[in-house]
Structure formats: C-alpha cells, structure tokens
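Engineer: make a model of this:
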Amino acid sequence: NVTINNSTSANGDFTVGGNWINNATFSSSNSDNITFNGSSSQSFSGTGTNNFKNITLNNSNGITLSSGDILIEESLESSSGSITQDGANITLQSNVANKAGLIKINNSSDFTYNSGTFLVQRYFSTSNNNWRMVSSPIENASLNDWHDEFVYCGFTGADFSLAACAGFVSVYFYDETAATDLDPDDGLTPATNITNNVSDGIGTLIYASSGATTLSVSGSPEFDGFTKSISKSSVDNDRGWNLIANPYPSTLDWSQFYSDNSTLLEDGFHVFNETSSSYDSYSVADNIDIAHSQSFWIKKTSVGSSNISFDVSQTINSQA
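Structural biologist: Numbering: from 1, shown residues only. Predicted coordinates:
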C-alpha cells in the first residue's frame, strides 16, 4: 500500500501492489510510469491531488478510483483489468499544442464511469481567424459545452442572431445527401440550436478568432463501439465526402480504423489547416494518427449509404 500525507514528488517508474491513499499532493516528473499490478482488486482514494504523467493498470482484478483528484498529463492505460471511476475526479490535461492526456483501453468494458467528474481538455493556439475542426469525446455533448471557448453566430442560443451576424452562421455540420454534383458545399448544414450534438463521431466546422483556446468538456466518456452511417449519393468524383470525428478520449489509429472500414473508404483523411486555408491530407503510409477532439473528412468510394465502425480497439497510446 502507498499512503501519502505530505506533499510528495517522484522521479522514476515504480509499481504499486496494494492500495493508493493520497491526502496531500503527489507529482510525477518527466514521463514516469506508475504501474498498478496487484494480485487482488486495488483501490485509489484520499482527499489529495495526484499529478500523474502515465499510469498503467496491469491487474486482471481491476482498480476502483473512489476519491481524490487525478490529473493525467500523458496517459492512463489498461493493459489488463478494468478501471472503475466511482467518485474520483479525472482530468485529461492539455496545456500545449499537440499534446493532451488520454485513456487507452482494449475493450469498452475496461472502463466504467459511475460518478465523479470526468473532464477532457484540448489546447490549441491559432494565428488566424478561421475554421476549426473539433469534436467531443464525451457522451451527449452539445455546442453549449463549448460556449465558454467560442462565440457563436446565427442559430438559436448563439451569442448573436442570424440578423446581427449579417446572415453568417459560425457552425456547420455536413450532410452528404444534401450536396449536389455541381457544388458539394451544398451539403454544409448550418447549426440550428446550441443544443446540437457534437459527440458520437459527429464532425463540426466552427469559425473562431485567433489565439489560444482550451476546449474543456465534462461528462461520461465515450468508450462504446458503434456504427455511423456515411453516404455517397452520386458517381460524380466530387461526391462521397463525409465529415466525421474521433469519438474517443484517446488517439485514433488511422491505419487500424481504415483497415476496419477499407471496403468503404479511400485511404486518406483530411483536416483543415487554418494557416494555409487549405486541407492537409494523410494516408496510411504517412503514419499520422488522429488526436482526440479532432474532426476530419473521409471519402466514401461506392454509391449508397453504409455503416462505418468505431471501436476502442482502433485507439493507441500515442500523442497525435
């Protein structure tokens, strides 16, 4: 067992075979990894704050996080066993661009959320007023969850009405079936209400000002496997675009996601670059993956509607 009653820091990897009780402040340094590898069920409790870099669960009997504040700067991973959040507060921290805390599990049953705050952050800093492609890895999240980070225009619940914004709408989704061969942009569908859903793999385009932003959304994390309908309504080469998103609080491995859905998709995902006002495109050969809280475009190869599959087995413990 580990019991901490005074502020403590540690430099280096170590393992914990029993329970963890912290009533003060604990901090890891560098990219240290703490492994919980007991031979019976382990518990995590106390009134303190835990600043972790990496935690690994390697205990088939699992661990219960019952109290305390748990801040993850890099990763919380289960290599064996289930993690149960039952009262503790978890924050996946993000303080610099291209880096955020994440959770890597192998099966949706490896993480159970019962109670406590689960907060996901994503920091980014931009040089131009332009469109952002973001998403939420929290179940049932809506545009309202980002209201502290974005000023909205043109829909119910927005900061400014459509008239006040001179007809401009600052948030769009995409409906491929509404596109036309003459103009695929006809599929861009404006937000209608601040309650519009931004989870479940739904991609968004949001116009925002330059500067630093930290997206912060709390709720129940998404770890379920599910399918999502995509479409291509015409043989025209400019059709078949679908705007989707990484639904998980982890990195989506493009090669695995593409492998699971390769009969339906071109090998390539596309993300808007606000600096060049153009799209960056990546294929399996580029070995580039998709960060959590990221929307992206994919292109369906055949005419008709089909379901693509999302599963946590497509995620990896790596920054993207």
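Engineer: helices of this structure, start to end?
Structural biologist: Listed in chain order, the helices of the chain (DSSP state H) span residues 254-261.
Engineer: packing partners for the strand ranked longest in it?
Structural biologist: The strand spanning the most residues in the chain, taking DSSP state E as the definition, is strand 69-80. Applying 3 or more C-beta pairs under 8 Å, 6 or more residues apart in numbering; DSSP states H and E, one finds that strand 69-80 makes contact with strand 49-58, strand 89-92, strand 102-104. For the C-beta atoms, the positions are set from N, CA and C on the backbone; glycine is no exception.
Engineer: what's the closest of those to Y113?
Structural biologist: Comparing these by their distance to Y113 (C-beta to C-beta), the top pick is strand 89-92, with 9.1 Å.
Engineer: tell me what the closest one is packed against?
Structural biologist: Taking 3+ C-beta pairs under 8 Å, 6+ apart as the contact definition, the neighbouring helices and strands of strand 89-92 are strand 69-80, strand 118-126.
Engineer: thinking again about what came up before, so what touches the longest strand of the chain?
Structural biologist: Contacting residues not belonging to strand 69-80 are listed as 31, 44, 48-60, 83, 88-93, 95, 99, 101-106, 110-111, 317, 319 [C-beta atoms under 8 Å, 6 or more residues apart in numbering].
Engineer: could you save the helices and strands packed on strand 69-80 as a markdown table and add columns showing mean neighbour count and mean pLDDT?
Structural biologist: Formatted as a markdown table, the helices and strands packed on strand 69-80 follow (neighbours: other C-beta atoms under 10 Å; pLDDT from 0 to 100):
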| stretch | mean neighbour count | mean pLDDT |
| --- | --- | --- |
| strand 49-58 | 20 | 98 |
| strand 89-92 | 22 | 98 |
| strand 102-104 | 25 | 98 |
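Engineer: make JSON lines from those strands and add distance to A212 to it.
Structural biologist: Shown next, in JSON lines, are those (distance: least, C-beta to C-beta, whole Å):
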{"stretch": "strand 49-58", "distance to A212": "22"}
{"stretch": "strand 89-92", "distance to A212": "18"}
{"stretch": "strand 102-104", "distance to A212": "20"}
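Engineer: quick check: which of the ones you listed is nearest to T64?
Structural biologist: strand 49-58 (11.0 Å).
Engineer: which strands or helices does that closest one pack on?
Structural biologist: Strand 49-58 sits against strand 25-28, strand 33-36, strand 69-80, with contacts defined as 3+ C-beta pairs under 8 Å, 6+ apart.
Engineer: could I get those strands as JSON lines with mean pLDDT, distance to L265 and mean neighbour count?
Structural biologist: Formatted as JSON lines, the helices and strands packed on strand 49-58 follow (pLDDT from 0 to 100; distance: least, C-beta to C-beta, whole Å; neighbours: other C-beta atoms under 10 Å):
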{"stretch": "strand 25-28", "mean pLDDT": "97", "distance to L265": "39", "mean neighbour count": "19"}
{"stretch": "strand 33-36", "mean pLDDT": "98", "distance to L265": "35", "mean neighbour count": "20"}
{"stretch": "strand 69-80", "mean pLDDT": "98", "distance to L265": "28", "mean neighbour count": "20"}
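Engineer: reformat the ones you listed as JSON lines; add distance to N246.
Structural biologist: As requested, the helices and strands packed on strand 49-58 are arranged in JSON lines below (distance: least, C-beta to C-beta, whole Å):
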{"stretch": "strand 25-28", "distance to N246": "26"}
{"stretch": "strand 33-36", "distance to N246": "24"}
{"stretch": "strand 69-80", "distance to N246": "16"}
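Engineer: buried ones in stretch 264-278?
Structural biologist: L264, L265, D267, G268, F269, H270, V271, F272, E274 (16 or more other C-beta atoms under 10 Å).
Engineer: should've said stretch 199-216
Structural biologist: Judged by neighbour count using 16+ other C-beta under 10 Å, the buried positions of stretch 199-216 are 199-208, 213, 215-216.
Engineer: try stretch 97-111
Structural biologist: By neighbour count, and taking 16+ other C-beta under 10 Å as the criterion, the buried residues in stretch 97-111 are K99, A100, G101, L102, I103, K104, I105, S108, D110, F111.
Engineer: show me the two of the residues you listed that sit farthest apart.
Structural biologist: With distances taken as C-beta to C-beta, the most widely separated pair in the buried residues of stretch 97-111 is K99 and S108, at 25.2 Å.
Engineer: ok so, going back, looking at the buried residues of stretch 199-216, which are in strands?
Structural biologist: When DSSP E defines the strands, the subset of the buried residues of stretch 199-216 inside them is T204, L205, I206, Y207, A208, T213, L215, S216.
Engineer: ok, of those residues, which one's closest to S66?
Structural biologist: S216 (23.7 Å).
Engineer: nearest residue to the closest one in space, please, no chain neighbours.
Structural biologist: Here the nearest residue to S216 in space, its sequence neighbours aside, is Q121; by C-beta to C-beta, 6 or more residues apart in numbering that works out to 5.2 Å.
Engineer: what about that neighbour, distance to E176?
Structural biologist: 31 Å (C-beta to C-beta, to the nearest Å).
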